[in-house]
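> Sequence and predicted structure are below.
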Amino acid sequence: MSNIKVDPAYDPFPKSGLVKQYEPFIRAEVSKFCGQFPWVRYDDVLIEAVKLADQAAKRFNPDLGNDFSTLLRHYLKKLYAMAGGGDWLESCQAGRLGAGSGSLTGPSIPRRCQRYACRF
């Protein structure tokens, strides 16, 4: 017995819908991404992935006969575009590495991950 209330972990997924249905797929892709970029925080990447999945769900047309994971996979490639040098990655690196002075000491982004062009 303790007097400190334990808050449940934050879950960025909606309660229902396509994004919730494909939660295991999204988590697997985020884990793969974090394996390639170990200096980024999993929770930050997961939140961005859920945002991208929500965008994909709004655009998805089931009448075309495609599976949602096909479109979702292409949207999640935008994570790599973000890793190509965006403010999002820099804030993740600074938070993970503790570089308060603004200089990033993490490993450089592999060139193969910069090939995904993303226009927001």
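Nice, I can see it.
> in the longest helix seen in the chain, what counts as buried?
Counting residues, the longest helix in the chain under DSSP state H turns out to be helix 42-59. Of the residues in helix 42-59, D44, V45, L46, E48, A49, V50, L52, A53, D54, Q55, A56, A57 count as buried by neighbour count, 16 or more other CB atoms under 10 Å. Where you see a C-beta, it was placed from the backbone N, CA and C, and this is true even at glycine.
> So which helix or strand of this protein has the lowest pLDDT on average?
Lowest mean confidence among the helices and strands of the chain (mean pLDDT, DSSP states H and E): helix 87-97, at a mean of 51.
> Point out where the chain drops to low pLDDT.
Low-confidence segments of the chain (pLDDT under 70): 1-2, 84-120.
> Mind doing that once more with 80?
1-2, 7-9, 82-120 (pLDDT under 80).
> so where do the helices sit in it?
Going by DSSP H, the chain shows helices at 18-21, 23-36, 42-59, 68-76, 78-83, 87-97.
> I'd like to know how far the nearest residue to R73 once chain neighbours are set aside sits from N3.
Counting by CB to CB, 6 or more residues apart in numbering, R73 lies nearest to E29, which is 7.4 Å off, once chain neighbours are set aside. Separation of E29 from N3 (CB to CB, to the nearest Å): 40 Å.
> what's the burial count for the residue nearest to R73?
Neighbourhood size, E29 [other CB atoms under 10 Å]: 22.
> Same question for L76.
The burial count for L76: 22, using other CB under 10 Å.
> Do I have it right that it meets A28?
No: the criterion here is CB atoms under 8 Å, and L76 misses it with A28 at 10.2 Å.
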